[in-house]
Structure formats: C-alpha cells, structure tokens
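Enquirer: This is a predicted model, with the sequence first.
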Amino acid sequence: MFCTRCGKENSETNKFCNGCGVALLVEKSLLAQSVPAPPPPPPAPSKFSPVSQIHQETLPDIAQTLVLPKGIPAITEEIGSKVDQETSSTAKTESFTNDVIPAVVTPESKTESLDPEPSIITSNIDAQQNAPQPVAEPAFSNQVSFQAAAVQRPKRSNKGLILLLSGVVVLIVFGVAGILLWRYYKPVVTDAGSDQPTPDIVKPSAVQPPPDMTSVSGGDFFMGSDDADEFSKPAHKITVRPFYIDVTEVTNEHYKSFVDSTSHNPPPHWVNRTFLPREAKYPVTNVTWDDATAFANWAGKRLPTEEEWEFAARGTDGRIYPWGSDWNSELTNAGATGVVEVATKTGKSPFGCFDMSGNAWEWTASDARPYKNGVPFRRKMIEPKIIRGGFWGGKRNEVTAVYRRAYGARDEKEYKNSGFRCAKDMSAN
C-alpha cells in the first residue's frame, strides 16, 4: 500500500505510514471510496420459477408503468410469498419423485406438475396485454427429460414374432404329417418297372389263405445281386406288400379245367385237348404269357410281379437259392432231362413254395426292363416279359432266385419250357 501523502510503500498490516506517520486507515477508506465496488451478480432464476421465462429487461419497464391501488402491494407480496413456497414445495416433490420413484411418473402427470403458475399480479390488465409475451419453455432438468423420454418410448411388441413362430410350427407339423402319409401310401415302383397295378398295403391276418396258396408277409429286401450276371445286378432295396402266392406251379390237370371251362386253346403238344395220364401233376408248359394271364383271370388271381416272385423265392436274408446260399443239386430239378412232378424236390423257399429253382420257367406280370444302372436286354422281342426260376436243363447259376431273363409274350418260336404260378391280393381274399 502506498501512502497518499508521502508516497511511501507500506505493508497491509500497518496502521500508520512508516514515512510521515499519517494514519493509513484514512487512506484505506479513501482508497476504498475511490475504487468502485463490482456490481453484485444477478440472482440465479429458480429452476422452476416462471420468472425465468420472462425477459428480465422488461421487468423495470413494467414496474415503472404500473400504478397499484392502495392495499394491492401488500396483497401482492403475500400472494407472492405463498407462490414461492408452493413453487419450492413443488420443486422438492419433483426432485424426490425423479430420484426415488422415477418409474411411476407418467408424461401426463409430469407435465401437469411442472405447469408454471403466475407469480406477478397486477391490476393493470391493459398493460399486461400490451407487454411482450415471450414463448416459455419448460425448464426440465436433464434427468427429468431423460426419464420422460424413457417413459414415452413405446414397448416393443412381440405379437408379430409369436405369429411368425406359430406359422412355422404349423408348417412343420403339416409337412411331417404329409411325409408320413406319403411314405405309407406311396406305390411300390422298381427300376425294372411293372404294368401290373400294385395292391394296397394289407397286414397279414389270421385268415386262412386260399387253397393251394401261401401267405407272403411282404416287407423290405434287396432285389438282385452285385455278384449275379449283368442283367441281374445291381442289388437295390425294394418294398413289397403282403400277398398270396401258389405253393406250386400250375399243373396240367389245373390248366385242363380252365381249357374245358373256357374252350381256350390247349398247349400245342397236348393230344385231343388233353395231356398224357402220367403228366397230370407236371407243371403245365408250352404256354404263352397271354395263356398264363387268361388262366389267372379265370381263377380269380393274377400273375405275380417280378418283385413279388423274387421276394417269395428268397425272403429278406439275401439268400441266393430258395433254400439258402449254398448249392445243392438234390434240392432242385436242374441239369436234368425233363420236368418232374411239382413238389418232388424239397428245396422250398422261406414261405414254403416249391420249384422256384429249375423245373420250368415262370412268367411274371412285369415288363422286361433293366435295373437302374443295369444292362438292358439286347434281343428284340414282341412285348418282352420277365421270366424267372430257370428250367430243368439250366445250370446252377441259371436257377438262382435272382436270375432273370426276357421273353416275348407272344410269337416266339417255342414255349415248351415256360410255365407259371399265380398270385393274389391279400385284400381280395
């Protein structure tokens, strides 16, 4: 501090000047008077006070122009104090609501609780109408604004997702049901093909089969063999429905009943429309595919398909011969000099059928077509059909249960070694 009289510098704690001895308090007061005090900072507007919403520069003009009647200032002051108390109480309540239980505050209730109330009362209505009215913006805190936005955000609906998942489940259920029904009712088709209609699936029952026939349960098996000749491979899985099949080949005496009943032409080697007496139990031979089909229709039966014939001959265990996989010449009429009576040889199939190896070729209902990836038949024939089982002069590899050949249904040079056996739908019994 410099002395105003002598100009000597003194410390702030000196009461008298070290140079001239003048009291420094006087200079301090004078110095204080000479330096203007900074203006006090304007009072911060209340957080929720409506006064903050009015331009501060308009208040002095309004106060100077308004002339309040007697008694009004006191009333105004009293009402203003009550308004300030209510505003303070509202702010405390709002702060408690936002900090403690923000989840129960709705946008509607928050807007109502923050609506400003008038804090300036005057009797000069015209002055109030002529005064500029700026647009007021609610003074929300950041916390209140954030919570209000969170409350107003609509909840995401899962209705669409639920409907989508329900539709997917329904499609899966119907798809699985359709596949199961298709697998149950689908027709059995082989690569070789057959023009004979396939009967419906019928489970084997305790019903007695027709005379001279046996029940074949049906099922899955591998048709053909990878070790067989070129026309009888490859092995491939086939499903066969239950059916009946003749235990033996159709004999001469059975076929004569058909000839006599229908006046059908007898086999060419018969004499006077009959066979030799000793050949009654021989399998009928020298018949075409048309002859065999005519007899089956007359008897209320049909020719077996190629798949049915092989299934009845070997079952499901993959055997090569009707009796098994090992060759036994005593069980079949093969490599012989001619046909013998049916059921003479004991090499039966798993279902009890005789002579499905050797003795006479047997017609089937199937067209002569190659297996998938197999070799087609090369010889030209008129309506070629599949014949099975070999004949009495066949070799061991030609009388297996998988050996197959094609032969013309008609107009071949001779049919002296071809016979047949019949089948019947199990549902038709």
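Expert: Done, it's in.

Enquirer: what helices or strands is whichever strand or helix holds Glu362 leaning on?
Expert: If you go by DSSP states H and E, Glu362 is part of strand 361-367. Applying 3 or more Cβ pairs under 8 Å, 6 or more residues apart in numbering; DSSP states H and E, we find strand 361-367 packed against helix 289-298, helix 306-314, strand 384-388, strand 418-419. Using the backbone N, CA and C atoms, a C-beta is placed for each residue, glycine as well.

Enquirer: What strands flank that strand, and is each parallel or antiparallel?
Expert: Strand 361-367 pairs in its sheet with strand 384-388 (antiparallel), strand 418-419 (parallel), by DSSP bridges.

Enquirer: Arg404: which of those strands is closest?
Expert: Nearest to Arg404 among these is strand 384-388 (5.5 Å), distances taken as Cβ to Cβ.

Enquirer: Which element is encountered next along the chain beyond the closest one?
Expert: strand 404-408.

Enquirer: just to revisit the earlier point, identify whichever of the strands paired with strand 361-367 lies nearest to Asp291.
Expert: With Cβ to Cβ, the closest approach to Asp291 among those belongs to strand 418-419: 9.4 Å.

Enquirer: average pLDDT across the helix or strand hosting Val259?
Expert: Val259 is part of helix 252-262 when elements are defined by DSSP H and E. Averaged across helix 252-262, the pLDDT comes to 98.

Enquirer: what inclination does that helix have with respect to helix 289-298?
Expert: Following axes from the mean of the first three to the mean of the last three Cα atoms, to 10 degrees, one obtains 80 degrees for the angle between helix 252-262 and helix 289-298.

Enquirer: Run through the neighbouring helices and strands of helix 252-262.
Expert: Here helix 252-262 touches helix 289-298, going by 3+ Cβ pairs under 8 Å, 6+ apart.

Enquirer: Give me the residues contacting the helix it packs on.
Expert: Under the contact criterion Cβ atoms under 8 Å, 6 or more residues apart in numbering, helix 289-298 has outside partners 250, 255, 258, 261-262, 264-265, 267, 287, 302-303, 363, 365, 383, 385, 407-410, 419-420, 422.

Enquirer: how many neighbours does the nearest residue to Arg302 once chain neighbours are set aside have?
Expert: Closest residue to Arg302 apart from its sequence neighbours, by Cβ to Cβ, 6 or more residues apart in numbering: Ala296 at 5.0 Å. Neighbour count for Ala296, taken as other Cβ atoms under 10 Å: 23.

Enquirer: quick one: Ala296 from Ala280, how far?
Expert: Using Cβ to Cβ, to the nearest Å, Ala296 is found at 20 Å from Ala280.

Enquirer: Any buried residues in stretch 406-426, and which?
Expert: Residues of stretch 406-426 classed as buried by neighbour count (16 or more other Cβ atoms under 10 Å): 406-409, 415, 417-426.

Enquirer: Phe221: what secondary structure?
Expert: strand (DSSP: H, G, I helix; E, B strand; the rest coil).

Enquirer: My read is that it contacts Arg319, right?
Expert: No - if you go by Cβ atoms under 8 Å, Phe221 and Arg319 don't touch, sitting 10.3 Å apart.

Enquirer: for the protein, what helix or strand is lowest in average pLDDT?
Expert: Lowest on mean pLDDT, DSSP states H and E among the helices and strands of the chain sits helix 107-113, with a mean of 40.

Enquirer: got the contact list for the nearest residue to Ser418 once chain neighbours are set aside?
Expert: If the residues on either side of it in the chain are set aside, Ser418 comes closest to Trp361, at 4.5 Å by Cβ to Cβ, 6+ apart. Applying Cβ under 8 Å, 6+ apart to Trp361 gives the contacts 387-391, 405, 407, 417-419.

Enquirer: let's see 6 Å
Expert: By Cβ atoms under 6 Å, 6 or more residues apart in numbering, the contact set of Trp361 is 387, 391, 417-418.

Enquirer: For Pro199, report the pLDDT, please.
Expert: The model reports Pro199 with a pLDDT of 38.

Enquirer: What of Phe295?
Expert: On the pLDDT scale, Phe295 is placed at 98.

Enquirer: Repeat that for Pro267.
Expert: Looking at Pro267, its pLDDT reads 98.

Enquirer: count of neighbours near it?
Expert: By the criterion of other Cβ under 10 Å, Pro267 has 20 neighbours.

Enquirer: got it, and Thr274?
Expert: Here the count is done by other Cβ under 10 Å, and Thr274 has 15 residues near it.

Enquirer: do the same with the one 5 residues further on
Expert: The burial metric for Glu279, expressed as a neighbour count using other Cβ under 10 Å, is 18.

Enquirer: Let me see the contact set for it.
Expert: Counted by Cβ under 6 Å, 6+ apart, Glu279 has contacts Asn252.

Enquirer: Tell me the backbone dihedrals of it, please.
Expert: Main-chain torsions, Glu279, degrees, to the nearest 10: phi -110, psi 20.

Enquirer: so how far is Gln208 from it?
Expert: 30 Å.

Enquirer: avg pLDDT for stretch 277-291?
Expert: 97.

Enquirer: Just the buried positions in it, please.
Expert: By neighbour count on 16+ other Cβ under 10 Å, the buried set for stretch 277-291 is 279, 282-289, 291.

Enquirer: Could you do stretch 350-363 as well?
Expert: Applying 16+ other Cβ under 10 Å to stretch 350-363 flags 350-351, 353-363 as buried.

Enquirer: Ok, stretch 329-345 next?
Expert: Across stretch 329-345, burial judged by 16+ other Cβ under 10 Å covers 331-334, 336, 339-342, 345.

Enquirer: Show me what the mean pLDDT comes to for it.
Expert: Per-residue scores along stretch 329-345 average to 97.

Enquirer: How far does it stretch from one end to the other?
Expert: With Cα to Cα, to the nearest Å as the measure, stretch 329-345 spans 10 Å from end to end.

Enquirer: Over to stretch 213-231?
Expert: Taking Cα to Cα, the span from the opening residue of stretch 213-231 to its closing residue is 30 Å.

Enquirer: what sits up against it?
Expert: Contact with stretch 213-231 is made by 204, 209, 232-247, 310-312, 316, 351-352, 371, 375, 402, 404, as judged by Cβ under 6 Å, 6+ apart.

Enquirer: Check which residues of it are buried.
Expert: Neighbour counts over stretch 213-231 (16+ other Cβ under 10 Å) mark 213-218, 221-225, 228, 231 as buried.

Enquirer: No further questions, thank you.
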